[in-house]
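Peer 1: This is the structure alone, sequence omitted:
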């Protein structure tokens, strides 16, 4: 069982509710997310583009756009070099479409995960030079490519970096950032940055760069660019979700506008990807972006080449787009099977530690497909609530790793403290990638744990409850109001409530794998609701019933009902369930005691 903590932030909830036409319950949820000023609430609930920040505020963005304008007008051949994940593919597509719109001679090359590794490499620079490119613009990478960009400059190439990853700092002075020697560096994580919101993804940086570039090129005077940027909004929002950016500030606006715009998309590849996954464009959500179509795009970079993702998004022939979309879906299905096998192997390695887990888990899985390391690291982290790094064999006696972290551990900083052991690294607070010599792996593991300041309480999963809310307060109107707070995700968690004295009335096991419990529960005043139990807590739920009430009463509960007093306390999320045109309140169980 997780530790339950109720968020208790004060405000005049009645006044907020009255001023904004919402319930005090919703007002309290907003306050729990530090949204309580009138302007912040208006922005939070809005999808108006006026709340998107001025792109000119980004450091170097005007310089970068001026350089690009000059290179386009000079007829230079330009190469975009992105990354092989959703953010890298979407940001590359935005730059490609935008620079072409401005008349640029431009193409895209995305690194091959195994042959090239992450980001800009010397070999990619050399290939661009051999192909006659005079200019490179990066997206979703480049901020850490100091020697690679220095090499490009030695070759006489113009280089612009657009990125959103953490900026390296001097070993002697952590307050002194180290930028690559590019002609312009656009990154909201720059330490001299004045941009009001730093947590945007690479595709958002690309989107804002193209806004400034089209302005510099004078296109805003010649044509209505609204349809173009309406379309590009889709890819900026999609990448924002898939790169797990906090759904705060302007990220909420771009994701909401993305959901609107996808219903009007003219992109044949995206439409094909929706069709092959049986997705109604009018019902796209963060879940669809992050767990259905996003993984299909990611699968190209994991198991094949991310260039197939670019090919999908640039394909205009309906039949060819359908072929590529089906190929991507099949790749993702294969990736799912490989991921489950990899997770099982990782959990076996973990069992060797028994109950004495190191602070930071570094699991060496030499035969694992390196593209799956990050996914498996995330799944293991969910199981044990420790920072997890999965390491696989690479070429030239190197190993590569990918990590996923917990809130209490800044993974990029952790790697920075071990930089002398690494040949390459980069990332964020909660996710990172790296490579090192195989002979240094054990030293790396020891150094990470020696430097760790994590405490026992950091490894206990914490459920942050918005409030204690008896289930009798649930209604369709309240749930519709709560839905207006979406999109939910990183930085904007779906509201979570607690209720005590919830009585179990009856239930049954459903699902083709018999791993879902559908319960009827009742509050103290006799009001009944449907409660669903599924996912990772299902087995624990049945164990809890056996321990606290006995296996016989559990069986009785599942076979028609139980008149005995089986009362529990629940942590839950309420949902609107629609069945055969009828809507009802449904409770999703998240924890119990």
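Peer 2: Cool, got the structure. Everything numeric in this text was worked out from a predicted model, so none of it was measured.
Peer 1: Can you list the low-confidence ranges for the stretch 201-350 of the chain?
Peer 2: By pLDDT under 70, the low-scoring segments of the stretch 201-350 of the chain are 221-222, 303.
Peer 1: Give me the helices and strands touching whichever strand or helix holds residue 330, please.
Peer 2: With elements taken from DSSP states H and E, the one containing residue 330 is helix 318-351. With contacts taken as 3 or more CB pairs under 8 Å, 6 or more residues apart in numbering; DSSP states H and E, helix 318-351 sits against helix 268-276, helix 294-303, helix 307-314, strand 361-364, helix 373-384. Heads up, the C-betas are built off the backbone N, CA and C, glycines and all.
Peer 1: contacting residues for residue 9?
Peer 2: 31-32, 34 (CB atoms under 8 Å, 6 or more residues apart in numbering).
Peer 1: Next one: it from residue 109, what distance?
Peer 2: Look at residue 9 and residue 109: by CB to CB, to the nearest Å, they are 48 Å apart.
Peer 1: ok so, going back, select, out of the helices and strands packed on helix 318-351, the one closest to residue 492.
Peer 2: Nearest to residue 492 among those is helix 294-303 (17.8 Å), distances taken as CB to CB.
Peer 1: With adjacent residues omitted, what lies nearest to residue 440?
Peer 2: The shortest distance from residue 440 to any non-neighbouring residue, by CB to CB, 6 or more residues apart in numbering, is to residue 421 (4.8 Å).
Peer 1: so which of the contacts of residue 9 comes closest to residue 517?
Peer 2: residue 32 (29.2 Å).
Peer 1: which ones are touching the residue nearest to that closest one when sequence neighbours are not counted?
Peer 2: In this structure, residue 32 finds its nearest non-sequential neighbour in residue 7, 4.4 Å apart by CB to CB, 6+ apart. With contact set as CB under 8 Å, 6+ apart, residue 7 has these partners: 32, 464-467.
Peer 1: filter those residues to the buried ones?
Peer 2: Buried residues within those, defined by neighbour count using 16 or more other CB atoms under 10 Å: 32, 465-466.
Peer 1: Next step: those restricted to helices.
Peer 2: Judged by DSSP state H, these include residue 32 as members of helices.
Peer 1: how about the buried ones among the contacts of residue 7 in CSV, adding distance to residue 26 and pLDDT?
Peer 2: Below are the buried ones among the contacts of residue 7 laid out as CSV (distance: CB to CB, whole Å; pLDDT from 0 to 100):
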residue, distance to residue 26, pLDDT
32, 11, 95
465, 16, 97
466, 10, 97
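Peer 1: quick check, nearest of the buried ones among the contacts of residue 7 to residue 518?
Peer 2: For the buried ones among the contacts of residue 7, the nearest to residue 518 is residue 465 (24.0 Å; CB to CB).
Peer 1: who touches the residue lying closest to the closest one once chain neighbours are set aside in this structure?
Peer 2: Of all residues not flanking residue 465 in the chain, residue 6 sits nearest, at 4.6 Å (CB to CB, 6+ apart). If you count contacts by CB under 8 Å, 6+ apart, residue 6 has them with 465-468, 498.
Peer 1: And residue 182, how close does it get to residue 449?
Peer 2: Remark: distance between residue 182 and residue 449 (CB to CB) = 36 Å.
Peer 1: now residue 247
Peer 2: Distance, residue 247 to residue 449, by CB to CB: 33 Å.
Peer 1: Please apply the same query to residue 64.
Peer 2: Residue 64 sits 41 Å away from residue 449, going by CB to CB.
Peer 1: who's more crowded, those two?
Peer 2: Remark: of residue 64 and residue 449, residue 64 carries more neighbours, 24 against 15, as counted by other CB atoms under 10 Å.
Peer 1: Residue 127 reaches residue 112, doesn't it?
Peer 2: No - with contact defined as CB atoms under 8 Å, residue 127 does not count as touching residue 112 (11.3 Å).
Peer 1: which residues does the closest residue in space to residue 266 that isn't next to it in sequence contact?
Peer 2: Closest residue to residue 266 apart from its sequence neighbours, by CB to CB, 6+ apart: residue 231 at 6.7 Å. By CB under 8 Å, 6+ apart, the contact set of residue 231 is 97, 261, 265-267.
Peer 1: Now the terminal residues of stretch 165-179, how far apart.
Peer 2: Stretch 165-179 stretches 12 Å from its first residue to its last (CA to CA, to the nearest Å).
Peer 1: what does it contact?
Peer 2: Counting by CB under 8 Å, 6+ apart, 140-141, 143-144, 146, 185, 187, 189-192, 412, 416, 419, 426-428 sit against stretch 165-179.
Peer 1: So which bits of it are buried?
Peer 2: Judged by neighbour count using 16+ other CB under 10 Å, the buried positions of stretch 165-179 are 165-168, 177, 179.
Peer 1: Inside strands: which ones of those?
Peer 2: Of those, the ones assigned to strands by DSSP state E are 168, 177.
Peer 1: Out of the buried residues of stretch 165-179, the closest to residue 509 would be?
Peer 2: Nearest to residue 509 among the buried residues of stretch 165-179 is residue 165, at 45.9 Å by CB to CB.
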